[in-house]
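Undergrad: how does the following fold in three dimensions:
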Amino acid sequence: MTLYQTHVAKIIRTWKLIDWCKYDPNVHDRDADVIIDDRFVAGADRYCVYRKLKDDGDGFITYTQIIKVIDTIPPSVTCKDTLFCYYGGYAGAGAEPDPMCTVPTYTSPDFAATDNCTPANLISFRWELDLNYTSTKSIDKKSGPNMKRFVSSDLTPGKHKLYVIAEDNCGKEDTASCIIEVKIAKNLHHIVTMASQQ
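TA: This is a model prediction of the structure:
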């Protein structure tokens with residue numbers, strides 16, 4: 001797909017030229033005017049194309065100009081590493097699990113990004129998750145589009161890598177990644193805390 005085919009907006013202008021020495025406003029059935037050369041279109045290497053028009057002899061020319069607004073700059077998205085601690089207290093007399101010791105649901109801060117032409121509230125987000133992250137990227141879960149934040153109750157103790165993808169209205173994307181580290185804190189109180197690493 002060429003650059004000029006991907007556009008954020010399209011402006012349509014209709015131009016009308018009248019030669020009052022020839023034009024008769026009472027004539028309503030007119031022949032088509034002639035575009036001398038319409039082979040050229042605007043694109044990455046030619047941002048403006050001049051059209052040469054020829055009147056069919058009635059003193060009236062109409063031409064529709066299409067202006068496509070393009071965007072080649074992707075949005076900018078950020079994601080911060082996070083330490084997610086939860087406290088368990090019941091050691092268990094047997095093998096039975098303590099429901100208070102299960103990993104609680106993690107909710108990230110709202111996603112945020114900036115863009116040169118798309119308002120922040122119209123930028124679309126999605127995420128990908130690499131559970132138990134190692135040096136090799138392996139995506140275990142993906143979200144659909146239009147996500148506001150990341151929410152999961154499947155984060156076991158360890159390090160997980162979250163990829164946040166932002167997309168503007170022209171289809172340009174930017175990706176940021178961050179580590180979510182889950183730790184068990186040895187404490188007798190059932191408390192959940194979250195702390196962001198700067």
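
Undergrad: can you give the contact residues for the lengthiest strand in the chain?
TA: Criterion DSSP state E: the longest strand present in the chain is strand 173-186. Residues outside strand 173-186 that contact it (CB atoms under 8 Å, 6 or more residues apart in numbering): 74-88, 103, 106, 108, 113, 133, 155-167, 193. For every residue, glycine as well, the C-beta is placed using N, CA and C.

Undergrad: indicate each strand paired with that strand and its parallel or antiparallel sense.
TA: strand 82-88 (parallel), strand 158-167 (antiparallel) (DSSP bridges).

Undergrad: check which element follows the shortest one along the chain.
TA: The element immediately downstream of strand 82-88 (helix or strand, assigned by DSSP states H and E) is strand 106-107.

Undergrad: would you tell me what the next helix or strand after that following strand is?
TA: strand 113-114.

Undergrad: residues contacting that next one, please?
TA: Residues from elsewhere that reach strand 113-114, judged by CB under 8 Å, 6+ apart: 75-78, 120, 123, 125, 166, 174.

Undergrad: ok, and the most crowded of those?
TA: Using other CB atoms under 10 Å as the neighbour criterion, Ala166 leads the contacts of strand 113-114 with 26 neighbours.

Undergrad: single out the most deeply packed of the strands paired with strand 173-186.
TA: Comparing the strands paired with strand 173-186 by mean neighbour count (mean count of other CB atoms under 10 Å), strand 158-167 ranks first with a mean of 21.

Undergrad: show me the one of the strands paired with strand 173-186 that comes nearest Gly59.
TA: Proximity to Gly59 (CB to CB) singles out strand 158-167 among the strands paired with strand 173-186, at 49.6 Å.

Undergrad: and the spatially most central residue of the chain, what is it in contact with?
TA: What sits nearest the mean C-alpha location of the chain, by CA atoms, centre = their mean, is Glu167, with 1.0 Å. Shown in contact with Glu167 (CB under 8 Å, 6+ apart): 75, 123-126, 145, 173.

Undergrad: hmm, try it at 7 Å
TA: 123-124, 173 (CB atoms under 7 Å, 6 or more residues apart in numbering).

Undergrad: got it, and Gly59?
TA: Gly59 neighbours (CB under 7 Å, 6+ apart): 18-19, 21-23.

Undergrad: let's go with 6 Å and repeat that
TA: If you count contacts by CB atoms under 6 Å, 6 or more residues apart in numbering, Gly59 has them with 19, 22-23.

Undergrad: most neighbours among those, which one?
TA: Most neighbours among the contacts of Gly59, by other CB under 10 Å: Tyr23, with 14 neighbours.

Undergrad: thank you kindly, that will do.
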